[in-house]
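> kindly return the folded structure for what I paste below:
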Amino acid sequence: MNRKLLVTTLVLTLVSALAGNTALAAKNSAEGPSLTLLAAGLEGAVGSAVGPDGALYLTEGATGKVSRVDPQTGNITTFASGLPPRLIPLGGAMDIAFIDETAYILVTLVGADLGGSDIVGIYRMDDSDSFTVIADIGEFSMNNPPDTDFFVPTGLQYAMEPFRGGFLVSDGHHNRVLRVTLDGVVTEMRAFDNIVPTGLEARGNTVYMAEAGPNPHLPQNGKVVTFSPKSLSVTELASGAPLLVDVEYGLGNTLYALSQGDFEVGSPDAAPAKPYTGSLVKVNADGTFTVIIDGLNLPTSLEFIGNTAYVVSLTGEIYKIENVSEPPYGNSNN
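Model (predicted):
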């Protein structure tokens, strides 16, 4: 796929997302999970993290900012600015993670292969408007191309996760997970076929990963899998939710995943799901998912604080889902 077609595809992605940007009705019940709008107005939000102070931190790729959001009031303040803004309707500051008190930001799709002049990689925040690139993932990707088909040499890094003093980084375009040290060493931890790896979670030496599946992102290809750095195989934990974009542990040692929703067959690569078809799902021991709450509009990222889930939307909204582990739930979708 050439650059012109890539840009056209991503413009369609943005138009589709904005077309669905209408108010999502709150879902409240006397028992079980309840959904409310916490905040809105973020620009190009995709990734998120819970900071050391207990607040939510979100990347805004359109403006090159990181915003801090109070998880109780929804108040938004600028935490950092001056990161490379996105060149097309995707990318720029893509995800954020903390090691101790220091914030690190994953930046993608800003390199020369897309007409830019910035480094694709991990940026350490030194001050509110000052950053140091600690790892040039774009250079590594160009020097070590994947075995699967690709058309962006620097890749499309989707998520980052702290892991053993450094980071894991998923590349949904190059179909692999990278390991990155704080001194800038980038290596390939695990390569995959065309499964589109997205969200990451790590506990100890164990990695959990969401798979969106290849276009058209059929439900049976939406999976949560697990592996360790030295394991020779990948273990499937659950499947059956379309276009999975994140995976996180919640209260009670329970694993959850975020489905962006139903995908329109025939839509181009990088197009989002249909509006208001996303869901928060629970990973079951029998390999299925249970829907906790549905009707989410283009979700991209998931965080937990206690028994409350926070969902970031492609449309710049943050939703708060309280009482996540309390019944009633929806039906299993596998």
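> which parts of the stretch 51-200 of the chain are helices?
137-143 (DSSP state H, counting those that start in this stretch).
> for it, just list every one of the strands.
For the stretch 51-200 of the chain, applying DSSP state E, counting those that start in this stretch gives strands covering 56-60, 65-69, 76-81, 92-99, 102-108, 121-127, 130-136, 157-163, 166-171, 176-180, 186-191, 197-203.
> turn the ones you listed into JSON lines, including mean pLDDT.
Formatted as JSON lines, these follow (pLDDT from 0 to 100):
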{"stretch": "strand 56-60", "mean pLDDT": "97"}
{"stretch": "strand 65-69", "mean pLDDT": "98"}
{"stretch": "strand 76-81", "mean pLDDT": "98"}
{"stretch": "strand 92-99", "mean pLDDT": "98"}
{"stretch": "strand 102-108", "mean pLDDT": "98"}
{"stretch": "strand 121-127", "mean pLDDT": "98"}
{"stretch": "strand 130-136", "mean pLDDT": "98"}
{"stretch": "strand 157-163", "mean pLDDT": "98"}
{"stretch": "strand 166-171", "mean pLDDT": "98"}
{"stretch": "strand 176-180", "mean pLDDT": "98"}
{"stretch": "strand 186-191", "mean pLDDT": "98"}
{"stretch": "strand 197-203", "mean pLDDT": "98"}
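> out of those strands, the one nearest residue 297 is which?
Minimum separation from residue 297 across the strands of the stretch 51-200 of the chain (C-beta to C-beta) falls at strand 56-60, 16.1 Å. No exception for glycine: its C-beta is placed from N, CA and C like everyone else's.
> tilt between the closest one and strand 92-99?
150 degrees (axes from the mean of the first three to the mean of the last three C-alpha atoms, to 10 degrees).
> which elements pack onto strand 56-60?
When contacts are defined as 3 or more C-beta pairs under 8 Å, 6 or more residues apart in numbering; DSSP states H and E, strand 56-60 sits against strand 45-50, strand 65-69, strand 92-99, strand 102-108.
> let's have those strands in TSV, adding distance to residue 139 and mean neighbour count.
TSV is the format used below for these (distance: least, C-beta to C-beta, whole Å; neighbours: other C-beta atoms under 10 Å):
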stretch	distance to residue 139	mean neighbour count
strand 45-50	22	24
strand 65-69	24	23
strand 92-99	17	24
strand 102-108	13	24
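> and residue 132, which of those strands is closest to it?
strand 102-108 (10.0 Å).
> pairing partners for the closest one, with directions?
If you go by DSSP bridges, strand 102-108 pairs up with strand 92-99 (antiparallel), strand 121-127 (antiparallel).
> list the buried ones in the last one?
Neighbour-count burial for strand 121-127, counted by 16 or more other C-beta atoms under 10 Å, picks out 121-125.
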